[in-house]
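J.: Here is my input; please provide its structure:
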Amino acid sequence: MQNSLIKSAGSFNIAIFLIALLPVTNIIKGGSGTVSPVMDITLLSYIALYIICFFKVVFHHTPIHFVKSDFITLFWSAVVLISVLYSEYTVFAIGKMSRFILFSVGLMLISRIVMQTKEDIDKLLTYILYSWFGVELYIIIDFVLSGAPLGRYAFFNVHPLPMAMTGVVVLLLAFIQLLQQKINSLLAIIIISASLMCIIISASRGPLVALLLTLVMLLPLILRKLKLKLLVTLSFSVVLLSQLPFVKNQFDYFYDRLMNSAGDDDRSGMRRYFIQDLYMDSFYDNPLLGAGINGVTPVVSSHNIFIDVLGENGGVLFLILVVMVALFIIDFIKTIWVAADYTKIILVSLLMLNLWSLQFSWSYTENKYFFVFLAAYFTYSRIVKSTRKSAGLCAAPDQQSALALPTSSNNSLNKNLGLNRNLGLNLRAINPAVLQEKGD
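T.: Numbering: from 1, shown residues only. So this is what the prediction gives:
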């Protein structure tokens, strides 16, 4: 069995590690409001990353590679920026727009500067797997020490949704590594079990549904790679985990919530339908431009990326979103069916997981889980294209050298053997057929 990605991760890279931690910094700091804003780990991480990028570009002359898709990113950012001018809730709109451009879109630029090779992408995936697994253990230990309370577990002031999202990402990442035999089986089962535990105690439906839909789309890969022994081991581990007393009670609660039958404790679905109606009404009122960023409600999103875009920024950005998602789905299908590029398989799978999640949860503008993998996907695609282009440029000279090699070798051989013109011999003039005849 091959080793995990950590073997190829090489030396520690603080910038890539900070990028990997960004989505879970809210969990690490115990949610918003528990730490002084001056010591906000999320904000400090972004400041550190921007400083590192500044030094890399100015003093190390690290190139900033631009691609055609950047025009879409710039256009999207410009539309969001302009929409602040006609948003009803201007103060909230300025805050949301600033976070979107500086944190979400900014992460695309940061990743491009910090990650320049395939090995850098492997480091990112390695840091995500093991650091997020550490966060999961932190949550589980706190849950057990708190007496395993029944219901949606609130880790300090953290909303259950990020905990569930962390769980599904780590589970999918470990599962794909296990399929590709890139990780020790026992370690993978431990990580998957911890991830399942986080998903269950968070009792968040959206991330779990997103995970199941992603696994269905990964069936061609799973059917090719999953062995009977591995299937039995995973099934046994899940059954064993579900029999733990506090896990079983929590699972029963989660199942009831999935079926939307947990009574008065679960009204989020109805609230979301009501908010989504408000977003659609805003789109109908201004189909071209929408109500502007944060223009529908001051603090709540529709929990659906398509409805978010329609309500806030209208049909123009919606059409761009549909085209971009369609192109990605095509790339996803090609990657899964070909199954040649292991790193890309992971990236498209995790990005697909986040796209599904954005159909049920969160606002896309501030979803760090989504933008970390979106940035990694575009960065890796740029690296692959650049590598292929460089290989193509090198191929022509190599081919000419190969063609020239027999001539130079013959000339050298002629000189060494003393075969000059006076003898009327030249190895290049010898008929191969004659040599074959004499050999026979």
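
J.: Give me the pLDDT value at the spatially most central residue of the chain.
T.: Nearest residue to the geometric centre of the chain (CA atoms, centre = their mean): F373, 2.3 Å. Per-residue pLDDT puts F373 at 95.

J.: what helix or strand is it on?
T.: Under the criterion DSSP states H and E, the helix or strand holding F373 is helix 368-417.

J.: F17 and Y130 touch, don't they?
T.: No. F17 sits out of contact with Y130 when judged by CB atoms under 8 Å, with a separation of 10.4 Å. In short, each C-beta sits where N, CA and C put it, glycine included.

J.: Report the buried residues of the helix or strand containing L230.
T.: Using DSSP H and E, the element containing L230 is helix 228-242. Across helix 228-242, burial judged by 16 or more other CB atoms under 10 Å covers 230, 233-234, 237, 241.

J.: which of the residues you listed lies closest to G134?
T.: L241 (19.2 Å; CB to CB).

J.: which one is the closest one nearest to, not counting chain neighbours?
T.: Excluding its sequence neighbours, the residue lying closest to L241 (CB to CB, 6 or more residues apart in numbering) is S193, at 5.4 Å.

J.: any idea how far I140 is from that neighbour?
T.: Counting by CB to CB, to the nearest Å, the gap between S193 and I140 amounts to 10 Å.

J.: Next: H60.
T.: Distance from H60 to I140, by CB to CB: 41 Å.

J.: what's the answer for R205, then?
T.: As judged by CB to CB, R205 and I140 stand 20 Å apart.

J.: cool, and A291?
T.: 41 Å.

J.: Give me the more crowded residue out of those two.
T.: More neighbours surround A291 than the other of A291 and I140, with 26 against 19 (other CB atoms under 10 Å).

J.: was I right about that one contacting Y89?
T.: No. Counting by CB under 8 Å, A291 sits too far from Y89 to count as a contact (9.5 Å).

J.: picking that back up, who's in contact with the residue nearest to the centre of the chain?
T.: Residues in contact with F373 (CB atoms under 8 Å, 6 or more residues apart in numbering) are 347, 350-351, 354.

J.: Can you list the low-confidence ranges for this protein?
T.: 1-10, 31-39, 260-269, 339, 393-440 (pLDDT under 70).

J.: For L137, grab the count of nearby residues.
T.: Neighbour tally, L137, other CB under 10 Å: 15.

J.: Ok, S131 next?
T.: Residues lying near S131 (other CB under 10 Å) number 16.

J.: now P63
T.: 10.

J.: what does I141 give?
T.: A count of nearby residues for I141, using other CB under 10 Å, gives 10.

J.: Which helix or strand contains it?
T.: Assigned by DSSP H and E, I141 falls in helix 118-145.

J.: can you check A210 too?
T.: Secondary structure from DSSP H and E places A210 in helix 205-217.

J.: Now do that helix: everything it contacts.
T.: The contact list for helix 205-217 (CB under 8 Å, 6+ apart) reads 161, 164-165, 167-168, 171-172, 199, 222, 257-258, 303, 332, 336, 349, 352-354, 356-357, 359-362.

J.: ok, now stretch 58-77?
T.: By CB under 8 Å, 6+ apart, stretch 58-77 touches 56-57, 100-101, 105, 108-109, 112-113, 116, 317, 320, 324, 378, 382, 386.

J.: from those residues, which would you call buried?
T.: Here, 16+ other CB under 10 Å leaves 56, 100-101, 105, 108-109, 112-113, 116, 317, 320, 378, 382 buried among the contacts of stretch 58-77.

J.: which stretches of the stretch 1-150 of the chain form helices?
T.: 14-21, 25-28, 41-58, 70-83, 90-99, 106-114, 118-145 (DSSP state H, counting those that start in this stretch).

J.: picking up where we left off before, out of the contacts of stretch 58-77, the closest to L145 would be?
T.: Using CB to CB, F100 comes nearest to L145 of those, at 37.2 Å.

J.: ok, now which ones touch that closest one?
T.: 77, 80, 293, 365-366.

J.: Drop anything exposed from the residues you listed.
T.: 77, 80, 293, 365.

J.: mind listing what T233 touches?
T.: T233 neighbours (CB under 8 Å, 6+ apart): 185, 189.
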